[in-house]
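Q: dropping the sequence and predicted coords here.
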Amino acid sequence: MKGKLEPSERERLVEEGKNLKESLVTLEEDLMKLQDELQHVARSIPNMTHPDVPVGGEDSSAIRNEVGSPREFSFPIKDHLQLGKDLDLMDFDSAAEVSGSKFFYLKNEAVLLEMALLNWTLSEVMKKGFTPLTTPEIVRSSIVEKCGFQPRGDNTQVYSIDGTDQCLIGTAEIPVGGIHMDSILLESALPLKYIAFSHCFRTEAGAAGAAAKGLYRVHQFSKAEMFVLCRPEDSESFHNELIQIEEDLFTSLGLHFKTLDMATADLGAPAYRKFDIEAWMPGLGRFGEISSASNCTDYQSRRLGIRFRPSEPLQTGSKKGKANLPSTKFVHTLNATACAVPRMMVCLLENYQQEDGSVVVPETLRPFMGGIEVIKPKLR
Amino acid sequence: MGLHTLRLATVPLTFSTFTSRLFLKPIPPNTLQTLGQFSRHVHPRKPFLVRAFSASPAAVQEIPPTQASDSSAARPQWKASIDFKWIRDNKEAVEINIKNRNSNADLGGVIELYENMVNLQKEVEGIREERNNVAKKMKGKLEPSERERLVEEGKSLKESLVTLEEDLVKLQDELQQVARSIPNMTHPDVPVGGEDSSAIRKEVGSPREFSFPIKDHLQLGKDLDLIDFDSASEVSGSKFFYLKNEAVLLEMALLNWTLSEVMKKGFTPLTTPEIVRSSIVEKCGFQPRGDNTQVYSIDGTDQCLIGTAEIPVGGIHMDSILLESALPLKYIAFSHCFRTEAGAAGAATKGLYRVHQFSKAEMFVLCRPEDSETFHDELIQIEEDLFTSLGLHFKTLDMATADLGAPAYRKFDIEAWMPGLGRYGEISSASNCTDYQSRRLGIRYRPSEPVQTGSKKGKASLPATKFVHTLNATACAVPRMMVCLLENYQQDDGSVVIPEPLRPFMGGIEIIKPKLR
């Protein structure tokens, strides 16, 4: 229409332009709707799976490693709840009045034990080059979603704050994942390795029965979580590093445990591969999960928008013409539990109990508890 | 990097006072135990006055009489054991106290309601008696017409009774609503007036003289890679933050050291739930659901996040009768605290000074009434010793009446010098709440029987129970302490020195240095 035209020709073109514009508007709307639908539906496609992962349900999970063996007791043993009462270490009854079930107070040496566990864990994991962090425990619900959780489903694990778009975190993975969202990191900045401390809050909706007893399943707990961002080619070796750190920590504490390579039905959407550690809890008479280490490859980073720009390879002799940056790639993310305090406490209390009702403190923790060696019954 | 070679010890090996004699005196199994401590402080909004731990601006919303008589108001879920008779018999003193505290509690309304209630109670009792008489009469032999008359009388008495009893319940509820907001009485030595009237009880140290231009804690936090507010504002919103590197170790050192010091004084360590039922929050004097509330509520439940460990610790011994021999109960409680800080704006909210989430160690005491003043002195002494050990310059204030807040009989605040902010800022608050909280939480004790030489013990007659006194005091509020330590201990080269008492709790780190780039 920029050229010289007959009036009738011009008019015809104007009509054509209008029609095209209307079609365009409609089609663009349709396109956006389709894109939204696509997002919505595609988000729930789970991550791909490592070829070595066993296919099947929980019975198919493979044992990667086993350390120690169940302690033999020469006397009738107590579970951690009974030990907690007898040694005046925990109070579930008052908490049930004040807050509801699955809440508790820790008292006396149990407070020192929690602090010792966290301090010792920090100390050990920092030696491996992890940066310590504390995190917000209230986050925007969009961050929760980007990490692969469902804040607002029925039976959601996530507590929401009234009157806001905010939620309580169930794990420090979430706020740490959020630190670098919508960013392009330099390759030289990788890997980023964090050890993050936080309280965690979970509704445990739908969890009932024996697995809910005492400290085993609670609404609020302290946890130290490792989180790694790395190049794709490195994530498998970092997964091995993380599980090694966990195994070393639990071995140092003298626990008997199995490391499982979780089968496909137990992975959860973000994990490409997941190693869980289950420790022997004699008072409960079974193994219980004390940690989980996942390689999420690019599942989370695609949602959180975390990319890196590879360093330029050395080009000997080639002419550097127009500035031409290598295109960005998505990082891989991994997360692993370094210490979930209540589960560790179940293990320590139940495994280290003695006939006289006292509990021995593992040697590695003693310097972090002012040298206390034994938690004794209080004089009456 | 130096951090990687740390060997942290939370509590030095020489610490060995954790013996059984420091534990709670045993309480026989059939004695209910509850521990109730809370501090509820009304604090009128003052943009430049920085009071985090004593201030809960929406803590007590005085309920105007018209609202109290609104019959559509919800029934109170619980009752405070207020001594109305005492209030009526001492109304002049109560009125003066209300004025001094700038409270808008309606004393006249309370007394009127109380007297109406007393009269109504008498009426109700009178009718009950009449009904009993009628019932008695009907047991005997009667003429049919007489019987019928009595039946009629019985019926009409019953109807009156039902109506009057309903009215009585309404009156009692109204009385509760209005009377709850009457503030605690005040210690005679407390200065009368507003914040400028607060008296300085003690001053320790003096402001450090710097020979170089100083930074505030936010700048130090950035330069030393210790604090990240920017990522947190994307992830969570403003007034949230991540601590990094040595700042994490510093938080842990502060809490571990505080625990260690306060336990030596016979306090029992506790960690607490951070989600509680909203009724507990109310009994502690906060308003979970007002406008401008400081309290976060959980969607779809009657639960809230705590703003201070006072609340869950207050709940431990609620609705209980303790033995006198069990007192005093002394706790040091660790928790994260969550506050909306609704309405807080301006310079007083910069950086770590005012945040939505923080770690805090709080001391609580339940004791006999005759001991609370001594314990108040003990608590403030502990706080002063802690802050003196850290080398801070601070003033201890005896807060004036208008700054007390409803539950406190007397309140000592400590304000420390924060050179980067250029002013003093509150780092702790110690309140003696006498029986204000225990009357709401229902925490009583039974005095031990006095030894009676020679007198005959006839019928078993237990001494009547009394309300305990409760006190609370901040041992360590981490972000405020961090502001003080970073700003006061900064050096010319941008590093920050760690005070000596904290070094063993940080693996021996003496200085926080800028990171190599």
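A: The structure has been received and is ready for your questions.

Q: do you know how far whatever residue of the stretch 301-450 of chain B ends up closest to chain A is from residue A:103?
A: Nearest to chain A in the stretch 301-450 of chain B, going by CB to the nearest CB, is residue B:315, at a distance of 3.6 Å. C-betas here are computed from N, CA, C, even on glycine. Note on residue B:315: its distance to residue A:103, by CB to CB, to the nearest Å, is 11 Å.

Q: neighbour-wise, which of the two wins?
A: Ranked by neighbour count (other CB atoms under 10 Å in any protein chain shown), residue B:315 and residue A:103 place residue B:315 first, with 31 against 23.

Q: grab the nearest non-local neighbour of that one.
A: residue A:98 (3.6 Å; CB to CB, 6 or more residues apart in numbering or on different chains).

Q: and the gap between the one you found and residue B:278?
A: For residue A:98, the distance to residue B:278 equals 11 Å [CB to CB].

Q: so between the two, which is more surrounded?
A: Ranked by neighbour count (other CB under 10 Å), residue A:98 and residue B:278 place residue A:98 first, with 26 against 19.

Q: contacting residues around the more buried one?
A: Each residue near residue A:98 by CB atoms under 8 Å, 6 or more residues apart in numbering or on different chains is listed here: B:273, B:276, B:277, B:280, B:312, B:315, B:316, B:318.

Q: put together JSON lines for the residues you listed, with secondary structure on each row.
A: Below are the contacts of residue A:98 laid out as JSON lines (DSSP: H, G, I helix; E, B strand; the rest coil):
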{"residue": "B:273", "secondary structure": "coil"}
{"residue": "B:276", "secondary structure": "strand"}
{"residue": "B:277", "secondary structure": "strand"}
{"residue": "B:280", "secondary structure": "helix"}
{"residue": "B:312", "secondary structure": "helix"}
{"residue": "B:315", "secondary structure": "helix"}
{"residue": "B:316", "secondary structure": "coil"}
{"residue": "B:318", "secondary structure": "coil"}
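
Q: what pLDDT does residue B:73 get?
A: Residue B:73 is assigned 52 on the pLDDT scale.

Q: what number of residues lie near residue A:162?
A: Based on other CB under 10 Å, the number of other residues close to residue A:162 is 16.

Q: which residue ranges of the stretch 1-150 of chain A form strands?
A: Under the criterion DSSP state E, counting those that start in this stretch, the stretch 1-150 of chain A carries strands at the ranges A:62-67, A:90-91, A:105-107, A:131-134, A:138-140.

Q: is it possible to get TSV of those strands that adds mean pLDDT, mean neighbour count and distance to residue A:288?
A: Output for those, formatted as TSV (pLDDT from 0 to 100; neighbours: other CB atoms under 10 Å in any protein chain shown; distance: least, CB to CB, whole Å):
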stretch	mean pLDDT	mean neighbour count	distance to residue A:288
strand A:62-67	96	13	15
strand A:90-91	97	22	17
strand A:105-107	98	24	19
strand A:131-134	98	22	27
strand A:138-140	97	23	28
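
Q: and those as JSON lines, adding distance to residue A:122?
A: Formatted as JSON lines, these follow (distance: least, CB to CB, whole Å):
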{"stretch": "strand A:62-67", "distance to residue A:122": "22"}
{"stretch": "strand A:90-91", "distance to residue A:122": "23"}
{"stretch": "strand A:105-107", "distance to residue A:122": "19"}
{"stretch": "strand A:131-134", "distance to residue A:122": "6"}
{"stretch": "strand A:138-140", "distance to residue A:122": "22"}
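
Q: for residue B:139, find the nearest of those strands.
A: Nearest to residue B:139, of all the strands of the stretch 1-150 of chain A, is strand A:90-91, at 53.7 Å by CB to CB.

Q: which residue ranges of chain B form helices?
A: Using DSSP state H, the helices of chain B run over B:65-68, B:84-89, B:91-100, B:107-137, B:144-179, B:217-223, B:230-235, B:246-263, B:278-283, B:310-315, B:372-389, B:436-441, B:478-488.

Q: the stretch 251-380 of chain A now?
A: Secondary structure of the stretch 251-380 of chain A by DSSP state H, counting those that start in this stretch: the helices cover A:299-304, A:341-351.

Q: would you mind finding the most buried of those?
A: helix A:341-351 (a mean of 25; mean count of other CB atoms under 10 Å in any protein chain shown).

Q: what is that helix packed up against?
A: helix A:80-86, helix A:109-126, strand A:220-230, strand A:273-281, strand A:286-295 (3 or more CB pairs under 8 Å, 6 or more residues apart in numbering or on different chains; DSSP states H and E).

Q: now the residue lying farthest from the centre of chain B: how far from chain A?
A: Within chain B, the residue lying farthest from the chain centre (CA atoms, centre = their mean) is residue B:143, at 66.0 Å. To chain A, residue B:143 is 58 Å away according to CB to the nearest CB, to the nearest Å.

Q: which parts of the stretch 101-250 of chain B sit against chain A?
A: B:228, B:231-232, B:234-237, B:240-245, B:248-249 (CB under 8 Å from any CB of the partner chain).

Q: what about stretch B:170-182, average pLDDT?
A: Stretch B:170-182 comes out at a mean pLDDT of 89.

Q: which residues belonging to that stretch are considered buried?
A: B:171, B:172, B:173, B:174, B:175, B:176, B:177, B:178, B:179, B:180, B:181, B:182 (16 or more other CB atoms under 10 Å in any protein chain shown).
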